[in-house]
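1. mind looking at a prediction? Sequence and model below.
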Amino acid sequence: MRIGSIGAVAVACLAGAVVAVAPMAAAQPAKSLCSMTYLTPDNPEVNGSSEVKVDRNSNGSLELTLITDANSKGGYDQSFTATWANIDTGRSGGGDAKTWVAGHRTLLSIPELWTEPGRIAFVFGTSNQTGQSVTSGQCMAEYAA
C-alpha cells in the first residue's frame, strides 16, 4: 500500500463519511526485462551477472533497477547504462548509474525515466572495471509503458 492511499483512507475515516472503496490491487512486483553475463574484471575466469527490472513510479515515470551478482570478493566499479526509444512517439533518451559492486547482490537504480506511454525499446549495458581490466555486458528488451 502506498502512503498516499493510507492518507486518503485516514482522512475519510476522520471525516466520518461513508465511502465505498474498491478493493486495492496488490502491488505489482517489478518486471524483469533481461539479464546479462560477463567476465569479472578482477578474475577473468569467473562470470558475473546482472538482471534488469522495471517498475512504474506513482508519478508516471519508470524506474530501472540493476541487480548484480558480482561474484567477486574484492569487487569492482560498475556502470549501468540504459538507452530507450519510444517506438510509438519517436522520443528517446537514456540514463546511467555507477557504484562499487562486490559479493552476490548489489543494486543500482536509474530512478526516473520519462518515456511517455507506448512501446519502449531498451538497450542496457554494464561496464565493469578494476585497475586496467575492463569487461562489459549488454541486453535488450521491449516494454509497454
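-> Looks like it came in fine. Note that this is a predicted model, so its numbers are computed, not measured.
2. surely Ala121 forms part of a strand?
-> Yes - under DSSP: H, G, I helix; E, B strand; the rest coil, Ala121 falls within a strand.
3. average model confidence for stretch 89-102?
-> Averaging pLDDT along stretch 89-102 gives 96.
4. use 837 as the first number from now on
-> Sounds good: first residue 837 from here, last item stretch 925-938.
5. quick one: contacts of it?
-> Stretch 925-938 is contacted by residues 884, 900, 902, 904, 906, 908-922, 942, 944-946, 949-952, 954, 964 when judged by C-beta atoms under 8 Å, 6 or more residues apart in numbering. The C-beta positions use only the backbone N, C-alpha and C, and glycine is treated the same way.
6. buried residues in that stretch?
-> Under the neighbour-count criterion of 16 or more other C-beta atoms under 10 Å, stretch 925-938 has Gly931, Ala933, Thr935, Val937, Ala938 buried.
7. okay, those residues in TSV with secondary structure next?
-> TSV is the format used below for the buried residues of stretch 925-938 (three-state DSSP):
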residue	secondary structure
Gly931	strand
Ala933	strand
Thr935	strand
Val937	strand
Ala938	strand
